[in-house]
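Novice: Here's a sequence, model it:
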Amino acid sequence: MEDYLKNAEKFAKKHNIKLSVIGEPEYKKYFNDDKVKRYVFKLKVSRNKKSYTFSYGQSINNGSEIPEMYDVLSCLTKYDVGSFEDFCSEFGYDPEYRSSKRTYKAVLKEYEAVLSLFEDIIEELSEIK
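Specialist: Residues are numbered from 1 along each chain as shown. Prediction:
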């Protein structure tokens, strides 16, 4: 795991990527199907005068630990998920639920933000897993 962390930090430094935590994390349920609460951070990723601000649900095991660059970069949506029907089929969502449509729209919004920030290095970013 240590190599993943180091590689993400090197990638961020090479491409002038900054990660900021905005405010204090909230302790709450994050995902629709969460059974327990987790710490939810408001994060900002910035690069070349552009930024993307979003909520990040920390893993339950990491508690209130501030997310590292690897944690954030590895979880960003780095490819187009296609149509709503494709999305539901690929990720197991029921197209009849409104929450599926909301999730789909949120993923599309994230992908657009990721493209805006990283379009010139998206393939290299995709290698961070």
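Novice: how much space between the closest residue to Val81 other than its chain neighbours and Leu76?
Specialist: The shortest distance from Val81 to any non-neighbouring residue, by Cβ to Cβ, 6 or more residues apart in numbering, is to Phe87 (4.7 Å). Glycine gets a C-beta too; all of them are placed from N, C-alpha and C. Between Phe87 and Leu76 the computed distance is 16 Å (Cβ to Cβ, to the nearest Å).
Novice: which one of the two has more residues nearby?
Specialist: Phe87 (21 against 18; other Cβ atoms under 10 Å).
Novice: Now name the helix or strand holding the more buried one.
Specialist: helix 84-91 (DSSP states H and E).
Novice: Which positions in that helix come out as buried?
Specialist: Phe87, Cys88 (16 or more other Cβ atoms under 10 Å).
Novice: now stretch 115-129
Specialist: Here stretch 115-129 shows Leu117, Phe118, Leu125, Ile128 as buried, counting by 16+ other Cβ under 10 Å.
Novice: Kindly provide the distance from the last one to Arg47.
Specialist: Computed as Cβ to Cβ, the Ile128 to Arg47 distance reads 14 Å.
Novice: where does the chain dip in pLDDT?
Specialist: By pLDDT under 70, the low-scoring segments of the chain are 1.
Novice: residue boundaries of the strands in it?
Specialist: Along the chain, counting by DSSP state E, strands occupy 18-28, 38-47, 50-57.
Novice: winner for burial among the ones you listed?
Specialist: Highest mean neighbour count among the strands of the chain (mean count of other Cβ atoms under 10 Å): strand 38-47, with a mean of 18.
Novice: Turn the strands of the chain into a markdown table, columns for distance to Tyr104.
Specialist: Listed next are the strands of the chain as a markdown table, based on distance: least, Cβ to Cβ, whole Å:
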| stretch | distance to Tyr104 |
| --- | --- |
| strand 18-28 | 23 |
| strand 38-47 | 21 |
| strand 50-57 | 16 |
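Novice: Fine by me, we can end here.
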